[in-house]
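K.L.:
Sharing a model prediction with you, sequence too.
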There are 2 protein chains.
Amino acid sequence: MAPQLKKIPGSKESLKEVMDFFQPDFLKIETTLKKHFASHISFVNQVSSHILFSGGKRLRPLLTVCAARLCDYSNDDIYDLSAVPEYLHAASLLHDDVVDAGEMRRGKTPAYKIWGNSAAVLVGDFLYARAIELASRFEDVRIAREISKTVALMSEGEIIQLLHAKVPSFDEKTYFDVIFRKTAALISTSCKIGALMANGSMDEIEALSNYGLFIGQAFQMVDDVLDYTADTSEFGKVIGTDLAEGKLTLPIVVALDRASKPDRDKLMTLLCQGYASTTDFKWVKELLMETGGLRYTIKKAKKLIDQACDSLSIFPDSKIKTNMKMLAQYVLERRK
Amino acid sequence: MAPQLKKIPGSKESLKEVMDFFQPDFLKIETTLKKHFASHISFVNQVSSHILFSGGKRLRPLLTVCAARLCDYSNDDIYDLSAVPEYLHAASLLHDDVVDAGEMRRGKTPAYKIWGNSAAVLVGDFLYARAIELASRFEDVRIAREISKTVALMSEGEIIQLLHAKVPSFDEKTYFDVIFRKTAALISTSCKIGALMANGSMDEIEALSNYGLFIGQAFQMVDDVLDYTADTSEFGKVIGTDLAEGKLTLPIVVALDRASKPDRDKLMTLLCQGYASTTDFKWVKELLMETGGLRYTIKKAKKLIDQACDSLSIFPDSKIKTNMKMLAQYVLERRK
């Protein structure tokens, strides 16, 4: 049995251990991200760098590398492929900030606030294109297809969210539909393309897609909880923005379902007003705790992480498998 | 010799004849465009339809079909491929209108003015993704690669234009750099992917890429002339917008080079003020005629169309080749 299993999953020591294990990968990922993103227009590089090198967790590229390695792939060109989901992620952040008019991104002023909407839209387009170009270098048309399908899903996810903002009919099913598209699809695809590159079997590809899918859903659910509970300086985003933007996340969906009629009405009013005062925020946070909205979300996320780990059961035990399970735990325990 | 050659190129009869010749293709292109763009989110379809089915010329898909046919490809799946450049074009129009804050598009109110910037950005992303997904269905990774390279170039072209707006150092070289990226690259790629699908020889692929490249440059140059000379009701865009937006197109570049110091200074002031009155517009149009800026642009465009036709010389004479030459002439003579 690999030594990591002795640690309590999610504990500080185990997080340090899993990060140490992946440290060489993180270094190679960072180098590769710097290698492929460049345009020969320095302005494009300036905007791209702002979003690409501002403390991203690199979860998506790491998952591509892990998935390939679990399928016994050891060629270093996997790092090139791993840049693809991170570029897509960066592109989507540039566009999402324009769409949501976000105030902070990865602890910094978002690109659209510095260089304007036009620059954020166009550099986002450039990064999408660069990602797909990179994906199509690998002579495997399945990879390009997965990537483009994922981009279509991601934009649909944002659109559904836009259309449903402040609509009380938003239920748990719609919530999962949105987070599948806007977050989990790309995290699942990050794993899937690693498995495809490694020429994994159908079962292996499916297992790794599912592992990513479950992790991705849990990741977004934790994000939605952190938006009410995190410390802004750690989180890298302004907390309370979901409330100010009227986003119907799972904790809110649960609270709307369980709260008394007057509380429900007040919550809907707050979600619709387009901003949130500190008093409003505190009141909503209290309601999310009282109704169990936060607890319910965390519980569901935990279950998904268990499912993610179970998905890997078709693979024989190995150091990488153990660390992938611990990585899943980290998604649950993260504070930013 | 094919009968079309007896007609004077660019005359009304010859235009009618070339349109009649391609009529069956236009019908199949229209059907195919309706087949692939759909999202199951009706709002996405509504916004996509607004831009896709509003009287586009369908030049790009037609070129894909022509290029393949010239390389003796007769399978109907070429129509599926031909939707790819039209979707890309529609996506870029959605984003460009956000970037340029355009007032009219294809004779209609642009999408961002009806549904907001967010919807235009996200549905643009969706159409980009759908185009690349479609391109990656053809099991030829070269096609996906060409498409993604082109999208990167297109966004770079818009960015260069954005950066250079109102900068007097903008010269003819920069102008050609911009129009290569923002227009000619996609028109060239429309031809190239047709040749790739047809498994054309290297020489054939190159000849057709060049044909598209020359046509694409001429197309944009004619557009830049029409922005000063067209009839708005025919053109489908508000004329004079390039002046109001301070766009440094070739007629302007030439006028800035040739005008007297006071006229040059006045022109720069008008370009920088962010709007254009009717008097301003008339004065600039007069200057473009006096300095020969419009004439120079048309002359260069004509030369490019000749080069486009010459590029086809490696192919044996045929009805399709004759009509492709006449299509090139149409690009020059168009009024919208």
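P.N.:
Alright, I've got the coordinates. Numbering: from 1, shown residues only, chains lettered A, B, ... in the order given.

K.L.:
burial measure for A:Lys182, as a count.
P.N.:
Neighbour count for A:Lys182, taken as other CB atoms under 10 Å in any protein chain shown: 22. The C-beta positions use only the backbone N, C-alpha and C, and glycine is treated the same way.

K.L.:
Is it correct that it is in contact with A:Gln161?
P.N.:
Yes. Using CB atoms under 8 Å, A:Lys182 makes contact with A:Gln161 at a distance of 6.7 Å.

K.L.:
Just the pLDDT for the residue nearest to A:Ile51 when sequence neighbours are not counted.
P.N.:
Leaving aside its sequence neighbours, A:Ile51 sits nearest to A:Ala90 (CB to CB, 6 or more residues apart in numbering or on different chains; 4.7 Å). With respect to pLDDT, A:Ala90 scores 94.

K.L.:
B:Ser39 versus A:Ala90, what's the distance?
P.N.:
When CB to CB, to the nearest Å is applied, the distance between A:Ala90 and B:Ser39 equals 24 Å.

K.L.:
still on that earlier bit, isn't there a helix covering the residue nearest to A:Ile51?
P.N.:
Yes. Counting by DSSP: H, G, I helix; E, B strand; the rest coil, A:Ala90 is found in a helix.

K.L.:
Okay, A:Gln220 and chain B: tell me how far apart.
P.N.:
Counting by CB to the nearest CB, to the nearest Å, the separation of A:Gln220 from chain B is 18 Å.

K.L.:
residues touching that residue, list them.
P.N.:
Going by CB atoms under 8 Å, 6 or more residues apart in numbering or on different chains, A:Gln220 touches A:Ile179, A:Lys182, A:Thr183, A:Ala184.

K.L.:
One more pass at 7 Å, please.
P.N.:
A:Gln220 sits next to A:Ile179, A:Thr183, A:Ala184 when contact means CB atoms under 7 Å, 6 or more residues apart in numbering or on different chains.

K.L.:
got the buried residues for the helix or strand harbouring it?
P.N.:
Element membership for A:Gln220 (DSSP states H and E) is helix A:202-229. Within helix A:202-229, the residues that count as buried by 16 or more other CB atoms under 10 Å in any protein chain shown are A:204-205, A:207-229.

K.L.:
Near chain B, which residues of chain A are found?
P.N.:
Within chain A, the positions adjacent to chain B are A:39, A:41, A:43-44, A:95, A:98-99, A:117-118, A:121-122, A:125-126, A:128-130, A:132-133, A:136, A:139, A:141, A:144-145, A:148-149, A:151-152, A:155-156, A:158-160, A:162-163 by CB under 7 Å from any CB of the partner chain.

K.L.:
Quick check on those residues: which are buried?
P.N.:
Among those, those classed as buried by 16+ other CB under 10 Å are A:39, A:41, A:43-44, A:95, A:98-99, A:117-118, A:121-122, A:125-126, A:128-130, A:132-133, A:136, A:141, A:144-145, A:148-149, A:151-152, A:155-156, A:158-160, A:162.

K.L.:
for stretch A:207-217, what is the average pLDDT?
P.N.:
Computed over stretch A:207-217, the average pLDDT equals 98.

K.L.:
Check the gap between A:Ser54 and A:Ala111 for me.
P.N.:
10 Å.

K.L.:
Looking at these two, which is more packed in?
P.N.:
A:Ala111 (26 against 15).

K.L.:
OK, contacts around the more buried one?
P.N.:
A:Val47, A:His50, A:Ile51, A:Leu94, A:Asp97, A:Ala119, A:Ala120.

K.L.:
what about the third one, how many neighbours?
P.N.:
This points to A:Ile51. If we define neighbours as other CB under 10 Å, then A:Ile51 has 25 of them.

K.L.:
returning to that earlier point: now for the residue nearest to A:Ile51: which residues touch it?
P.N.:
A:Ala90 neighbours (CB under 7 Å, 6+ apart): A:Ile51, A:Leu52, A:Leu127.

K.L.:
So the last one versus A:Glu204, what's the distance?
P.N.:
Here the criterion is CB to CB. By it, A:Leu127 lies 30 Å from A:Glu204.

K.L.:
Okay, and which of the contacts of A:Gln220 map to helices?
P.N.:
Assigned to helices by DSSP state H, the following of the contacts of A:Gln220 qualify: A:Ile179.

K.L.:
Show me which of the contacts of A:Gln220 is closest to A:Val284.
P.N.:
A:Ile179 (19.9 Å; CB to CB).

K.L.:
Not counting sequence-adjacent ones, nearest residue to the closest one?
P.N.:
Spatial nearest neighbour of A:Ile179, excluding adjacent residues (CB to CB, 6+ apart): A:Gln220 at 4.2 Å.

K.L.:
what separates the one you found from B:Leu312, distance-wise?
P.N.:
53 Å.

K.L.:
just the helices in the stretch 1-150 of chain A please.
P.N.:
Remark: helices assigned in the stretch 1-150 of chain A by DSSP state H, counting those that start in this stretch are A:12-36, A:42-52, A:59-70, A:77-100, A:111-115, A:117-135, A:141-164.

K.L.:
hey, least reliable of those by pLDDT?
P.N.:
Among those, helix A:111-115 carries the lowest mean pLDDT (a mean of 85).

K.L.:
Mind listing what's buried along that helix?
P.N.:
Applying 16+ other CB under 10 Å to helix A:111-115 flags A:Ala111, A:Tyr112, A:Lys113, A:Trp115 as buried.

K.L.:
likewise stretch A:17-32?
P.N.:
For stretch A:17-32, the buried set under the neighbour-count rule, 16+ other CB under 10 Å, comprises A:Glu17, A:Val18, A:Phe21, A:Phe22, A:Asp25, A:Lys28, A:Ile29, A:Thr32.

K.L.:
tell me which of the contacts of A:Ala90 is nearest to B:Lys247?
P.N.:
For the contacts of A:Ala90, the nearest to B:Lys247 is A:Leu127 (25.0 Å; CB to CB).

K.L.:
The closest one reaches A:Tyr87, doesn't it?
P.N.:
Yes. Using CB atoms under 7 Å, A:Leu127 makes contact with A:Tyr87 at a distance of 5.0 Å.

K.L.:
Give me the pLDDT for the residue of the stretch 201-336 of chain A found nearest chain B.
P.N.:
Closest residue of the stretch 201-336 of chain A to chain B, CB to the nearest CB: A:Glu245 (11.6 Å). Note on A:Glu245: pLDDT of 81.

K.L.:
neighbours of it, just the number please.
P.N.:
Taking other CB under 10 Å as the criterion, the count of residues near A:Glu245 is 18.

K.L.:
measure the closest residue to it other than its chain neighbours to A:Glu156 for me?
P.N.:
Nearest residue to A:Glu245 in three dimensions, chain neighbours excluded: A:Asp100, at 6.0 Å (CB to CB, 6+ apart). According to CB to CB, A:Asp100 stands 16 Å off from A:Glu156.

K.L.:
Same check on A:Cys191?
P.N.:
A:Cys191 is 20 Å from A:Glu156, by CB to CB.
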